[in-house]
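>>> Output the structure for:
(one chain, ligands or ions: 1)
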Amino acid sequence: MKERILVTGSYGQIGTELTLQLRQIHGANNVIATDITPAPEALEQTGPTRYLDVTDPRQVTALVVENKITTIYHLAAILSGNGELNPQQCWNVNMNGLYNILETARRWKVRQVITPSSIAAFGPDTPKEHTPIDTILRPTTMYGITKVAGELLNEYYNQKYGVDARSLRFPGIVSHETEPGGGTTDYAVDVYVKAVAGEPYDCFVTENTTLPFLYMPDALNALLELAAADESKLIHRTFNITGFSASAGEIANSVKARIPSFECRFIPDFRQIIAESWPRSIDDQDARQEWGWKPSFNLDAMSDDMISKLKEKNGAVA
Ligand SMILES: NC(=O)c1ccc[n+]([C@@H]2O[C@H](COP(=O)([O-])OP(=O)(O)OC[C@H]3O[C@@H](n4cnc5c(N)ncnc54)[C@H](O)[C@@H]3O)[C@@H](O)[C@H]2O)c1
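Residues are numbered from 1 along each chain as shown. From the prediction side, this is the model:
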């Protein structure tokens, strides 16, 4: 069956790269990139782009019906850092947006809905090491609250209405293509950007703050592989996944090993408390067993690739 794909929040850190990859797989005209900001050139020049505010149910339904959408990658969201600065907006976009997507999927028989969740679904009472899927979910951020509620809403629409809703709890995503959108792990991107630009960096968490991470090529594979997974083999609807865990100091040292002149200071701000409420490492064995999840990048492989891609990009600009 020909797929007709809608990506929401398409111009963000994950959406920009995911949309380009989906266009290569399914054909440019079958992947509609949507967001509420002006489209980046890379997406505007390679296929259809539309304005879509996911908090408006009429806009969501009109776009899905007019374009005969079969699959939705729902990425529109307000992330953890920005969510704490504006919790009301975070609730509105993350919860009402997801509700509008799932309701439209139910009413118009959209075949599949893929929505990222986050390690922010966990909280300070969650076991910190090798955190399993089924554990204490008592987040202390509005973002985390919307992620837990969103996971449950996805599962409800699957069980009650048969919507093929699937979700992944992403750890911090590191990438070089599009700037991160206001999350607690943005420092793990900024550190590379500053180092390659020849500038020092003030990291907003302490040196020993350890979190799980995933490099973007692995994150994109995870979304595509989960979408393609044989439904009869899925026991869960929400999965833990991870690439590797590293402290902010270890990431900075990995950069310094490749760019010896790089200097990093650690000056924690309000995001330190958010980072401390999340697990240090994740158990992703269910994803491995149910749909063959396996990451390719560890910290050093990621550092090599990030630095070489950012150097290429800076060279192209210069
Ligand atoms: N990047 C990470 O490290 C990370 C980690 C865990 C989970 N996630 C999840 O992955 C998904 C995508 O994250 P991202 O990093 O690409 O985020 P991002 O902030 O880079 O992009 C989100 C996009 O949503 C758009 N948006 C905001 N309000 C909207 C609205 N009302 N209607 C339509 N679009 C709207 C923004 O303009 C932005 O382009 C989110 O669900 C996020 O929670 C990301």
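
>>> so how far does stretch 74-85 reach from one end to the other?
22 Å (Cα to Cα, to the nearest Å).

>>> Tell me the secondary structure of I173, please.
strand (DSSP: H, G, I helix; E, B strand; the rest coil).

>>> Establish whether the lowest-mean-pLDDT helix or strand in the chain and the ligand are in contact.
Every helix and strand of the chain was ranked by mean pLDDT, DSSP states H and E. The lowest is helix 299-317, at a mean of 92. No - Helix 299-317 stays clear of the ligand (Cβ under 6 Å from any ligand atom), getting no nearer than 13.5 Å. (C-beta placed from N, C-alpha, C; glycine too.)

>>> Which neighbouring elements make contact with that helix?
helix 187-196, strand 210-215, strand 244-247, helix 248-258 (3 or more Cβ pairs under 8 Å, 6 or more residues apart in numbering; DSSP states H and E).

>>> okay, these, which one's buried deepest?
Most buried of the helices and strands packed on helix 299-317 by mean neighbour count (mean count of other Cβ atoms under 10 Å) is strand 210-215; its value is a mean of 24.

>>> After it, which helix or strand is next?
helix 216-228 (DSSP states H and E).

>>> How about residues contacting the helix or strand following that following helix?
The helix or strand immediately downstream of helix 216-228 is strand 238-240, counting by DSSP H and E. If you take Cβ atoms under 8 Å, 6 or more residues apart in numbering as the criterion, strand 238-240 is touched by 117, 131-133, 151, 154-155, 166-169, 226, 282-284, 286-287, 290-291, 293.

>>> With stretch 287-306 instead?
With Cβ under 8 Å, 6+ apart, stretch 287-306 has contacts from 168, 174, 176, 192, 213-215, 217-218, 221-222, 225-226, 229-230, 233-236, 239-244, 246, 250-251, 254-255, 257-258, 284.

>>> neighbours around the residue of the stretch 1-150 of the chain at minimum distance from the ligand, how many?
Using Cβ to the nearest ligand atom, the closest approach of the stretch 1-150 of the chain to the ligand is made by G12 at 1.9 Å. The number of residues packed near G12 is 22, by other Cβ atoms under 10 Å.

>>> Name the nearest residue to it, sequence neighbours excluded.
Leaving aside its chain neighbours, G12 sits nearest to G181 (5.0 Å; criterion: Cβ to Cβ, 6 or more residues apart in numbering).

>>> is it true that that neighbour touches L79?
Yes - between G181 and L79 there is a contact under Cβ atoms under 8 Å: 5.3 Å.

>>> okay, those two: which has more neighbours?
Relative neighbour count places L79 above the other of G181 and L79, with 22 against 18, counting by other Cβ under 10 Å.

>>> Quick check: the gap between the more buried one and T184.
Distance of L79 to T184, given as Cβ to Cβ, to the nearest Å: 8 Å.

>>> Check the contact lists of the two and give me the overlap.
Between them, L79 and T184 share no contacting residue, judged by Cβ under 8 Å, 6+ apart.

>>> Tell me the predicted confidence for whichever residue of the stretch 101-250 of the chain sits closest to the ligand.
With Cβ to the nearest ligand atom, the shortest gap between the stretch 101-250 of the chain and the ligand falls at G181, namely 2.0 Å. pLDDT recorded at G181 is 88.

>>> H26 too?
On the pLDDT scale, H26 gets 97.

>>> Same check on the one 10 residues further on?
pLDDT recorded at I36 is 98.

>>> which residues does it contact?
Taking Cβ under 8 Å, 6+ apart, we find I36 in contact with 51-53, 76.

>>> Now a PyMOL select for only the buried ones of those.
Here is the PyMOL command that selects the buried residues among those (16 or more other Cβ atoms under 10 Å):
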select buried, resi 52+53+76
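
>>> Tell me how the chain divides into domains.
What the record gives for the chain is the domain set 5-172+215-240, 174-212+244-280+296-317, from automatic domain parsing.

>>> Run through the stretch 51-200 of the chain and note the low-pLDDT ranges.
By pLDDT under 70, the stretch 51-200 of the chain has no low-scoring segment.

>>> now the strands for it?
Using DSSP state E, counting those that start in this stretch, the strands found in the stretch 51-200 of the chain span residues 71-74, 112-118, 164-170, 172-174.

>>> Can you give the strand pairings for the first one, parallel or anti for each?
In this case it means strand 71-74. Sheet pairing for strand 71-74, assigned by DSSP bridges, gives strand 5-8 (parallel), strand 112-118 (parallel).

>>> want to try JSON lines for these, with mean neighbour count as columns?
Below are these laid out as JSON lines (neighbours: other Cβ atoms under 10 Å):
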{"stretch": "strand 5-8", "mean neighbour count": "26"}
{"stretch": "strand 112-118", "mean neighbour count": "24"}
